[in-house]
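Visitor: return a 3D structure for these sequence lines:
(2 chains)
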Amino acid sequence: MDPTIDGAAGSVHDNFSEHSVISTRSIQCSSMVFLSLTMGVGLSTFGADDGQHVQFFETRIRPVLVEHCYACHASTGDEVKGGLVLDSRAGLIKGGDSGPALVKHQPDASLLIEALRYEGLEMPPAGKLPDEVIRDFERWIKLGAPDPRSEALGPRPATRTIDIDEGRRFWSFQQPRRHAPPPVQAADWPRNRIDHFVLARLEAADVSPVGDAPTAALIRRIYFDLTGLPPAPSELAAALHEEGDAALESLVDRLLDSPQFGAHWGRHWLDVARYADSNGSDFNATFHNAWRYRDYVVNAMNGDKPFDQFVREQIAGDLLPFASDAQRAEQLIATGFLMLGAKMLSERDKEKLQMDVVDEQISTVGSAFMGMTLGCARCHDHKFDPIPMRDYYALAGIFRSSRTLHGESQKYVSTWRRRGLPADPAHLKAVRRHEQKEKELGAAVAASKKRLQKLERQLNGLAATANPLLVDNVAAKLMGSWKSSTLVPSFIGPGYLHDDKQGKGSKSASFTFSPPAAGDYEVRVSYTSGSSREKRVPITILHAEGQAQVTLDQSRKPPIEGLFASVGTFRFAMDRPATVTISNAGTTGHVIVDAVELVQLDAAGAPVAAAARETTDAATPIRTEMAAVKKEIADLEQQEKEHADAAPPPLPQAIAVAELDEIDDCAICIRGEHHNRGELVPRGFLQVASTGAPPTLPDGESGRRQLADWIASPDHPLTGRVIVNRVWHHLIGAGLVRSVDNFGQLGERPSHPELLDDLAARFVSPSGDGGFAWSIKQLVREIVLSRTYQLASDHDEVSWTADPENRLLWHAHRKRLPAESIRDSMLAISGTLDLSPGGSPVEGLGTLVNNNSASAKSYRSEETSKRSLYLPIIRNELPAALTAFDFADPDLVVGRRPVTNVPAQALLLMNSQFVMDSARLTAAALLRDSAMTTEQLVAATYRRVLARDPTPTEVEQAVSYLQVAPPGATEGPTDLPVRPTETRLGRFVHVLFASTEFRMLD
Amino acid sequence: MRTRRSISRRDAMLRTASGLGGLVLGGLPAQVGLAGSSQTSARQPHHAPRAKRAIFLFMHGGPSQVDTFDYKPRLQQDDGKELPFDAASNIDAVPKLMKSPWKFAQHGQSGRWVSELLPNIARHVDDLCVIRSMYSRGQSHGQAVSMLHTGSDNLVRPSVGAWVSYGLGTENPDLPAFVSISPASGHGGPRNYGCAFLPAAHQATAIGNSGKLGDAKIRHLGNTTIPPEEQREQLDLLQAINHRHLERAGRDKQIRGAIESFELAYRMQAVAPDVLDLARETEQLQRAYGIGAKATDNFGRQCLLARRLVESGVRYVEVSTGNVWDQHSNLKSGHEKNALATDQPVAALLADLKARGLLEETLVVWGGEFGRTPIVQGSNGRDHNPQGFTTWLAGGGVQGGLAYGNTDEFGYYAREDRVHMHDLHATMLHLLGLDHTRLTYRYAGRDFRLTDVYGDVVQDVIAG
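Guide: Coordinates of the predicted model:
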């Protein structure tokens, strides 16, 4: 920016309070349409009242604008927030990014007023202005916003508009094509087509490649790169025995066919898919079915599923045709890809949550398949890549029309969509049969309970007729209209009455008694309780000494026999009326009227006689029958419990996406604010990576299917390049484009553009004529069999000086083993690795992995000796053995794991029980062959742990370590050739486990 | 005055993009891959720092501002009356005012109001800068806790301590730069002390869990199976083997870094246990922190450990209460219990830092992820309130005895001199000598900052 403008701004603004300048949000503004409509009016000359109006502006409005707004909204300021300037009439009229700032004469329709009132927008952000100031602004707008300022709209930074056609000229948006292998001088160097491209660049730069890797190192490299596991000593010996190209090819083919290939390469994709078994974030909800997606990826790698199909299934598997239940299940499970992101499930603003989920999906799809950072275009046009906000919201329309979230697991906390999978018919039958029986039992219990209620009613009815001091509602004198009901048990007589929460104050029910003798009586009122019942039901008792008013809480369960509540003890006389009146005056809840009973008390206050309803002969058979029904119910409930315990496993479900009922385009969220909606954008794809007319998506479909087809098309400029580069990165140690997840302007440029294009073009071509037909395995094979891959990792000072970063690939990158391989190889070497597949790692976990309370225990996974791929990947609680060695953070798309060297790794290798146990088990296994000399033992140890023979120096050093008693041992040093103890050899293996060579591929 | 920059943010981004602007901090590695020790070694700040290190006392759950530091006579008068303006959306409280059950009094020379809930902290009020006009994002704990720790209520971002570690490194090469004491495993758990896309060395070393200090050990720090002399012997053999590997490999930064990290780890093993050992403090001081008394023992030990860590050169220490301040009901008994557990230890920490001359270069921050509503939830609780709450600062460069900003007359919404969480972050970094607009890290194609595109340093809270 022009420094003189900046200087001027400084002088104008020097006396502003600094807190008036904070602006974190934008005042909305934008419309050119508005400008053209209002310009004439705005610039009109002032009439008779104008002097007064101008005065009003100058005294009430301008000072406020200057003090509270200019710092962020002046054309002379160093930054204009929200694209809005308020220091000129024209600027005020034109508005900023999100629409016109004011509508003349209509304060309530003006964004400026909305912002000042803190309704939605909050301006100025440092604090709401006093009400009288806001009223001034309202008045001013009502007057038509008279504004005498005549300054022209100051210079504003030109809005950058994205030129899509210009953008297409960037290398990664151009269609990759095959290139003829360039000629090379050392014609015998290349083993295959790849090597021509690599050597040509080396020769051009006059850099010599190093020689081939030693066979043992190469074998170790291939085993780890293809399966993530070391060669067993026997495998190593066999491979060393059969030297030659054919033997190497057959080794590679064997490893490509091994199920461990999928376990290793599947994990590479799971890094990109930010795979986890729980949500993490604020509510660490368990993803009980995510493991099915994990297994889907492993199977896809092992089965060499064509990559285009792999892409389609993950984005739109639920929408693809299928030939079998198995295929349907597989395709549904694949869409777990879209579901696995971490979500702020407790976000109470569900619209925001939805847009955040959509954002996560767009960003993931962008990085994973296209190497594009699409999330940048949520709030503004992408600053560096030709991706306008429109493209982002075109994609947002697609994902917002798909269902990821579904329902709530508790108040405010969302949960996600689960879809049933086609099940094995026998399983399905078992579940259906179980459900049927469950229903039958449930119905039987309900029927018996109903019978019991009926019997209770009969009994109560008998009691009512037998006991003159118990008056049912049927005998009550009613005022107003009461509704009768039998809905809630239990009650006296055939039913009870309620006021329907209507006609408050107009209804009452009076119960009249003839007391058999004068004396004290307890008044008991019967009602059916419930939470909607009135808590203060007024009851009037007319007794011998006058009238009493009490209230009854009918929301409480009646304490006496589940039927009655006592409302007090009163004296009644034979010659005086005894009346109890229940009213609904002054109430808000339901008022219930069932029955009233008087219980005569003796001098000590005890009931005179048990109520007559106990003794009626007619009651006896009813009681007998009731006992029988009660037993029947208990039996049935026991059966229900047993049935539930014998339930078949639940039907399989997947964490999978679905189409939404309402498919709709998405409006632009101005500055990413979901409450600030702009123009509606038709659903679509990235323009810069498309050719031809924009797609038309059918009304009834989200467009995911079409998006999947577009990404998985051989014509897409990015998809092939991005996956080829990912595979190259894993095998060679650095991508041809080193920023594997970013092929945009800020990503790196390819070191060998022709090679990348040639491989990408071949990768998406049908097989034959050098095409790979989207086969990952063929691509892996091609790279591994190149001389480039098979070079030694040796240092060469001359080449290093010319190319210290090894961009030209003059030697093999020394790769660090992934975290999984470090753990898995310790298990393998100690002979304890379990190669069976994993199943669900989260079976015993509830809805949440751990709750959010202060007393919550942190999650502990169970010990397992399965491959690390199958460890539970609980977000926020990742396996420590993996995170120490830069396991991919499942909150992010990770195409290239960081490689760090931190003391925590050293501490783990030195002190972890797992490492020490593995070392000791390895020692025990080595010592099983008792015929070996210590030298032979050292050699066997090296072959087992590092997959090579030790050098004479190494043997010497190891032997001297093994034969010396540990420091502090009582016996002291001895030079007798003693066979090392398991402990001592274990310490030595421990040292090798901790060595740099162990965790690297030379 | 606000710092004026002569180039726009966009210019700056383009310049860094093309490599001309370079990385924000001279020589700071943009990519991981260097030795851990160089990643966390001490670095020059952007400007003269007012504080060399910070302790954040996290009152997890959200203590109530209107019952602690934000005295509102109107709230006391209008108890039971209807709130005269709209309550925030998506809460369960009803719009009926509930007065504070505690009495307020003025304290210190500054005469600042503090309730009787925190009598010990009240004695230090002249050292506190009480920001009464905080506001933040996130109506639920998860978002607000994340906002407080990472500056984002929804996306995965590095935590404040990780940024400080990245910007300043550690003063003590044998200790990590960032330690989180007893962090919660819920509400985002490690994310709140994680490094996201920053190099792994910047994530916190955690001690204890969920507000409980436990045995105060760092994982894998020490070995009970292998005697120390034997381990040294192992290490000597290992380093000999590693050096041979390095010779064969020539110039290999990875191997060199690993060799270095073993030596560092071995030294840490020797140094850290001493720092973690609270028994090295006098009994009198331990008692002052409340150690040994049932209510205060746990938090007292956490606070004392925090002091020992910052004294030894750790840059950023967070101390957590665990999620205990969330009184949706039983405000009185709940807040009383929490105040009892924390008031004395926090006051002792301030006094101890001061006595050692550490307070003036140690920034202490006390606060929750949000405050609580002045309106009632249920019969005797308060709901979440990110719309307005109190956080206080003390020590390193902070204006003591100041009450900054205001909420409305009931203590609900921040109204005057509002301080957003981003502003607090900007201010904390500023006091530590870091410019929040220049402390950036390139990831996924763009430069990230703790404050995203927001935040302004609150100059008024800084001592002149």
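Visitor: B:K52: how many residues sit nearby?
Guide: 20 (other C-beta atoms under 10 Å in any protein chain shown). (C-beta placed from N, C-alpha, C; glycine too.)
Visitor: list the contacts of it.
Guide: Contacts of B:K52 were listed using C-beta atoms under 8 Å, 6 or more residues apart in numbering or on different chains, and they are B:171, B:315, B:361-362, B:396, B:432.
Visitor: now A:H73
Guide: Contacts of A:H73 by C-beta under 8 Å, 6+ apart are A:23, A:27, A:80-82, A:84-87, A:91, A:96.
Visitor: now it: phi and psi?
Guide: phi -130, psi 50 (degrees, to the nearest 10).
Visitor: A:R149 versus the residue nearest to it when sequence neighbours are not counted, what's the distance?
Guide: Spatial nearest neighbour of A:H73, excluding adjacent residues (C-beta to C-beta, 6 or more residues apart in numbering or on different chains): A:L86 at 4.4 Å. According to C-beta to C-beta, to the nearest Å, A:L86 and A:R149 sit 10 Å apart.
Visitor: now A:L319
Guide: Taken as C-beta to C-beta, the span from A:L319 to A:R149 is 57 Å.
Visitor: between these two, which one's more packed in?
Guide: Taking other C-beta under 10 Å, A:L319 and A:R149 do not tie; A:L319 has more neighbours (20 against 14).
Visitor: ok, the residue nearest to A:H73 touching A:H68?
Guide: No. Checked against C-beta atoms under 8 Å, the pair A:L86 and A:H68 is beyond contact range at 9.7 Å.
Visitor: so A:Q706: helix, strand or coil?
Guide: At A:Q706 the chain is in helix, as set by DSSP: H, G, I helix; E, B strand; the rest coil.
Visitor: quick check: it vs B:L331, distance?
Guide: A:Q706 sits 55 Å away from B:L331, going by C-beta to C-beta.
Visitor: for chain A, what is the nearest residue in the stretch 151-300 of chain B?
Guide: Nearest to chain A in the stretch 151-300 of chain B, going by C-beta to the nearest C-beta, is B:G250, at a distance of 2.3 Å.
Visitor: chain neighbours aside, what residue packs nearest to that residue?
Guide: Using C-beta to C-beta, 6+ apart, the closest residue to B:G250 is A:H795 (2.3 Å).
Visitor: how about A:P890: what's its closest non-neighbour residue?
Guide: Closest residue in space to A:P890, ignoring its immediate chain neighbours: A:A276 at 3.9 Å, by C-beta to C-beta, 6+ apart.
Visitor: what residue ranges in the chain score low on pLDDT?
Guide: With no chain named, the answer covers chain A. Chain A contains residues with pLDDT under 70 at A:1-50, A:77-78, A:150-160, A:463-465, A:609-617, A:854-858, A:965-978.
Visitor: correction: the question concerned chain B.
Guide: Ranges of chain B meeting pLDDT under 70: B:1-39.
Visitor: where exactly do the helices run in it?
Guide: Under the criterion DSSP state H, chain B contains helices at B:9-17, B:36-40, B:73-77, B:119-122, B:141-150, B:160-168, B:228-249, B:253-276, B:283-288, B:297-311, B:331-355, B:421-431.
Visitor: buried residues in the shortest one, which are they?
Guide: Right, the one you point to is helix B:119-122. Of all the residues in helix B:119-122, those buried under the rule 16 or more other C-beta atoms under 10 Å in any protein chain shown are B:120-122.
Visitor: report the central residue of the chain.
Guide: Looking at chain A here, since you left the chain open. Closest residue to the average C-alpha location of chain A: A:A342 at 2.6 Å, with C-alpha atoms, centre = their mean.
Visitor: hmm, no, I was thinking of chain B.
Guide: Centroid check for chain B by C-alpha atoms, centre = their mean gives B:F56 as the closest residue, at 3.2 Å.
Visitor: what residue in the chain is the furthest from its centre?
Guide: Went with chain A since none was named. A:D575 (77.3 Å).
Visitor: how is it assigned, secondary-structure-wise?
Guide: Three-state assignment for A:D575 (three-state DSSP): coil.
Visitor: am I right that A:T579 is in a strand?
Guide: Yes. If the criterion is three-state DSSP, then A:T579 is within a strand.
Visitor: excluding its backbone neighbours, what's nearest A:E640?
Guide: The nearest residue in space to A:E640 (C-beta to C-beta, 6+ apart) is A:L441, at 4.8 Å.
Visitor: ok, now which ones touch the residue of the stretch 151-300 of chain B closest to chain A?
Guide: By C-beta under 8 Å, 6+ apart, B:G250 lies in contact with A:794-797, A:800.
Visitor: related to what we said a few turns ago, return the residues in contact with the residue nearest to B:G250.
Guide: Counting by C-beta under 8 Å, 6+ apart, A:H795 touches A:811, B:249-252.
Visitor: B:R372 now?
Guide: B:62-67, B:327, B:331, B:382-385, B:389.
Visitor: what's the distance between it and chain A?
Guide: According to C-beta to the nearest C-beta, to the nearest Å, B:R372 and chain A sit 16 Å apart.
Visitor: what residues are bridge-paired with that residue?
Guide: Under the criterion DSSP bridges, B:R372 forms beta bridges with B:H384.
Visitor: and the stretch 401-550 of chain A, which residues reach chain B?
Guide: When proximity is defined by C-beta under 8 Å from any C-beta of the partner chain, the stretch 401-550 of chain A lies next to chain B at A:Y412.
Visitor: all helices of the stretch 401-550 of chain A, in order?
Guide: With DSSP state H, counting those that start in this stretch as the criterion, the stretch 401-550 of chain A has helices at A:425-466.
Visitor: whichever residue of it sits closest to chain B: what's its closest spatial neighbour, skipping adjacent residues?
Guide: Taking C-beta to the nearest C-beta, chain B has its nearest neighbour within the stretch 401-550 of chain A at A:Y412, 6.3 Å off. Of all residues not flanking A:Y412 in the chain, A:R348 sits nearest, at 4.9 Å (C-beta to C-beta, 6+ apart).
Visitor: the residue nearest to the centre of chain B touches B:H149, doesn't it?
Guide: No. In this structure, B:F56 is not within contact of B:H149 by C-beta under 8 Å, at 9.0 Å.
Visitor: between the two, which contacts overlap?
Guide: Joint contacts of B:F56 and B:H149 (C-beta under 8 Å, 6+ apart) are B:V160.
Visitor: go ahead and confirm A:Q314 touches A:Q331.
Guide: No. Judged on C-beta under 8 Å, A:Q314 makes no contact with A:Q331 at a distance of 9.4 Å.
Visitor: against B:L340, how distant is the residue of the stretch 401-550 of chain A closest to chain B?
Guide: 31 Å.
Visitor: likewise B:D408?
Guide: In terms of C-beta to C-beta, B:D408 sits 30 Å off from B:L340.
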